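Asker: Just a sequence and a predicted model for now, questions to come.
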Amino acid sequence: MVARPRPNETHTYRTFWSDLANGSITVQVCDICEVPLAYGTLICADHGDKSISFREAAKSAKVITRTRIERHPHPILDQETPYTIGVVQEEHYGAQIYCRIDEGCGLDCDEVELTTATFGDDVTLIVATSKPKVDS
Amino acid sequence: MARAAIMSWDLSRFERGSAPPFFEMVLASLLRTLAKANLSPSAIDGIITIQSNFAGPAFNVTIAEVLGIHPTYSVDITNYGASPASALWHAKMAIESKLATRILIVGGDLTYQEMRRQSQRRPSPISILDEFELPYGSHMANSDYAMIAELHRKLYGTTDEMRAKVVVDQRVSALTNERALFRDPIKIDDVTSSRIVSSPLHLLECVATASGASSLLVTDVANADEIATGVPISIEGFGYHQSGFTLANAQLLRNGLVSGIALAGKNALEMAKVSIGEVDIFGIYDCYPIAVMIALEDLGVVPKGEVGPWVLETNLTRSGRYPVNTSGGQLSCGQIGDAGGMVNLIEVVERLATKSKKASGGDFEVGLVTSNGGPAMSCESVVILKVAN
């Protein structure tokens, strides 16, 4: 039986994924230069690997780019189509994050809020949603 | 002192469906390249392979065994799709430093459907992408290039019609190429009305995977009796730049869509002592038309952000001032895995070696070839080729 693609949850990122399952989105930041590092990068090229920590991400983010997937060769993902994925820039550290973008956002909505949602096979992912409207 | 030059080459027939057994298909390509140069396998002392999803690691060692040779230089180039141009430079360095005298560059792969038919082994995963993109439903290169195209639209107003023009011009070139998989004439409307695969990319903007093999022979330019056709082609300049493997880490999302081709191209042109205006023919890696357009900007053919209107008014076929992918490119011929760029490379080699004529008169003398690797213009190589004097 074909399973939904899920993270490898390598030793390095096990805590990241378990935090995410609990609704906490974290980004990697170099403790010395405060520069965000992409997931998958294991060392700050300027300061060495012992200076990285996971920090709570800001709720707000801006969409850099996105695409709506109409079909997918993977049968489970194909059942989820159409869906939108994108890269957003988290507001506090400036981290660029690959995520799902909620269909309710619409194609022109660039200001988003970062949340989590659980998909098939109990996989929790980062999802960008429309920012709640603030009453003036 | 040895001076490396391309002497012979081959592209197999590409197949979308059933293909010959993989290693037989690759061997056949190698033997055709050798036969054109009047050489037997025993004359070869160098092997450079382009990473193959089907063959797996150490493809180079396997190929040497397949050929029954014992090379003194052997390496598998694993820069994903950026491997073909990189392989050429490795060959030049090995020949000119006398690590080998005759090198075969080999590339080939199977479609995923054909891989499953020929073997039960699953393609190996790409770990970082498996961890951070695939669970989100990434469509790999399709969705990454779609997001690059979407950002180009957002920043510079590049429309579907502008991207489609690249596909249409390359298809015009494919009409006379018997090796092309797609040879029906198409119009811009055909591209923009084909179904959306990953917005904003349409089906006819996405390269079709194919099974096939390719090879090149690089030796010392002095070995004149090994020239297959026309004149030898020298390898004058090279540049490489990895600017972020995963899309979220790609520099081009932060810098206005400047890809690694900018630095790789600058270094290659400087090394070759050639200006972009002196390039007669371009083999631009064309997994998607947006890849071609960004490459033309980053090489300095057209300023950043202006490529959309420029392609609408520019003839990119062999009869224009900027001939790009004049065999139809991968978009018309198909993509044989990470060796896909051999289509772009071999087309430029053929045009230079056979002294094809420019629209403005005179022969094509200087060619520029790019190879893109990874799902998001992650690693780039650029090579400058010239008719050897």
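Answerer: Right, received. Where do you want to start?
Asker: Just give me how far stretch B:203-214 sits from the chain centre.
Answerer: 12 Å (C-alpha atoms, centre = their mean, to the nearest Å).
Asker: So which bits of it are buried?
Answerer: Neighbour-count burial for stretch B:203-214, counted by 16 or more other C-beta atoms under 10 Å in any protein chain shown, picks out B:L204, B:E205, B:C206, B:V207, B:A208, B:T209, B:A210, B:S211, B:G212, B:A213, B:S214. The way it works is simple: take the backbone N, C-alpha and C, and place the C-beta from them, glycine included.
Asker: ok, now which ones touch B:K266?
Answerer: B:G239 (C-beta atoms under 8 Å, 6 or more residues apart in numbering or on different chains).
Asker: Helices of the chain, start to end?
Answerer: Using chain A. A:14-21, A:75-80 (DSSP state H).
Asker: should've been chain B
Answerer: Counting by DSSP H, chain B forms helices over residues B:22-36, B:59-67, B:83-96, B:112-118, B:127-132, B:141-156, B:160-174, B:188-192, B:261-272, B:289-298, B:307-313, B:329-333, B:342-353, given from the N-terminal end onward.
Asker: Out of the ones you listed, indicate the one that is most buried.
Answerer: Each of the helices of chain B was assessed for mean neighbour count using mean count of other C-beta atoms under 10 Å in any protein chain shown. The highest is helix B:329-333, with a mean of 30.
Asker: got the contact list for it?
Answerer: B:14, B:167, B:170-171, B:173-174, B:177, B:179-183, B:205, B:207, B:210, B:284-289, B:292, B:325, B:327, B:340-341, B:343-344, B:347.
Asker: redo that, cut-off 6 Å
Answerer: Identification of contacts with helix B:329-333 by C-beta atoms under 6 Å, 6 or more residues apart in numbering or on different chains yields B:V167, B:Q170, B:R171, B:A174, B:A180, B:L181, B:F182, B:V207, B:D286, B:G340, B:V343.
Asker: Can you give me every residue that contacts the first one?
Answerer: Spelled out, it's B:V167. In this structure, B:V167 makes contact with B:V191, B:L204, B:P289, B:L331, judged by C-beta under 6 Å, 6+ apart.
Asker: ok, which residues in chain A are in contact with chain B?
Answerer: Counting by C-beta under 6 Å from any C-beta of the partner chain, chain A comes close to chain B at A:5-8, A:38-40, A:64-65, A:67-70, A:77, A:83, A:85, A:87, A:96, A:98, A:100, A:123, A:125.
Asker: circling back to that earlier point, from the contacts of helix B:329-333, which is closest to chain A?
Answerer: Using C-beta to the nearest C-beta, the shortest approach to chain A within those belongs to B:V207, at 14.8 Å.
Asker: right, and that closest one touches B:C287 too?
Answerer: Yes - at 4.6 Å, B:V207 counts as touching B:C287 under the criterion of C-beta atoms under 6 Å.
Asker: right, so of the helices of chain A, which gets closest to B:S83?
Answerer: In terms of C-beta to C-beta, the element of the helices of chain A nearest to B:S83 is helix A:75-80, at 28.3 Å.
Asker: Can you give me the buried ones in that closest one?
Answerer: Neighbour-count burial for helix A:75-80 flags A:I76, A:L77 (criterion: 16+ other C-beta under 10 Å).
Asker: B:G334 is in contact with B:L181, correct?
Answerer: Yes - counting by C-beta under 6 Å, B:L181 touches B:G334, with 4.7 Å between them.
Asker: Pick out whichever of these two has more residues nearby.
Answerer: Set side by side, B:L181 and B:G334 give different neighbour counts by other C-beta atoms under 10 Å in any protein chain shown, the larger being at B:G334 (24 against 20).
Asker: Please determine how far the nearest residue to the more buried one once chain neighbours are set aside is located from B:G329.
Answerer: Spatial nearest neighbour of B:G334, excluding adjacent residues (C-beta to C-beta, 6 or more residues apart in numbering or on different chains): B:A210 at 3.0 Å. Distance, B:A210 to B:G329, by C-beta to C-beta, to the nearest Å: 13 Å.
Asker: sorry, back to before: switch the buried residues of stretch B:203-214 over to TSV; also include pLDDT.
Answerer: Formatted as TSV, the entries for those read as follows, by pLDDT from 0 to 100:
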residue	pLDDT
B:L204	98
B:E205	98
B:C206	98
B:V207	98
B:A208	97
B:T209	96
B:A210	97
B:S211	97
B:G212	98
B:A213	98
B:S214	98
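Asker: From these, which land in strands?
Answerer: Mapping the buried residues of stretch B:203-214 onto strands (DSSP state E) picks out B:G212, B:A213, B:S214.
Asker: Backbone dihedrals for the most centrally placed residue in chain B, both of them.
Answerer: With distances taken as C-alpha atoms, centre = their mean, chain B has B:G341 as the residue nearest its mean C-alpha position (1.5 Å). The phi/psi pair for B:G341 (degrees, to the nearest 10) reads phi -70, psi -10.
Asker: Touching, B:M162 and B:V307? I think so.
Answerer: No - at 7.7 Å, B:M162 does not count as touching B:V307 under the criterion of C-beta under 6 Å.
Asker: Name all residues that make contact with B:M25.
Answerer: Applying C-beta under 6 Å, 6+ apart, one finds that B:M25 lies in contact with B:S12, B:A213.
Asker: before we move on, what about the one 5 residues further on?
Answerer: Listed by C-beta under 6 Å, 6+ apart, the contact set of B:L30 reads B:L104, B:S215.
Asker: Kindly recompute the last result at 8 Å.
Answerer: The neighbourhood of B:L30, defined by C-beta under 8 Å, 6+ apart, consists of B:D10, B:P41, B:I63, B:L67, B:L104, B:V106, B:S215.
Asker: ok, the fifth one - how many residues close by?
Answerer: Read that as B:L104. When neighbours are defined as other C-beta under 10 Å, B:L104 has 31 of them.
Asker: residue ranges for the strands of chain A, please.
Answerer: In chain A, the segments counted as strands under DSSP E are A:26-30, A:36-37, A:52-56, A:60-69, A:83-90, A:96-101, A:111-119, A:123-130.
Asker: Please render the ones you listed as JSON lines that adds distance to B:S86 and mean neighbour count to the earlier fields.
Answerer: Compiled in JSON lines, the strands of chain A are given as follows (distance: least, C-beta to C-beta, whole Å; neighbours: other C-beta atoms under 10 Å in any protein chain shown):
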{"stretch": "strand A:26-30", "distance to B:S86": "30", "mean neighbour count": "21"}
{"stretch": "strand A:36-37", "distance to B:S86": "27", "mean neighbour count": "20"}
{"stretch": "strand A:52-56", "distance to B:S86": "31", "mean neighbour count": "15"}
{"stretch": "strand A:60-69", "distance to B:S86": "28", "mean neighbour count": "22"}
{"stretch": "strand A:83-90", "distance to B:S86": "27", "mean neighbour count": "23"}
{"stretch": "strand A:96-101", "distance to B:S86": "27", "mean neighbour count": "24"}
{"stretch": "strand A:111-119", "distance to B:S86": "38", "mean neighbour count": "17"}
{"stretch": "strand A:123-130", "distance to B:S86": "35", "mean neighbour count": "20"}
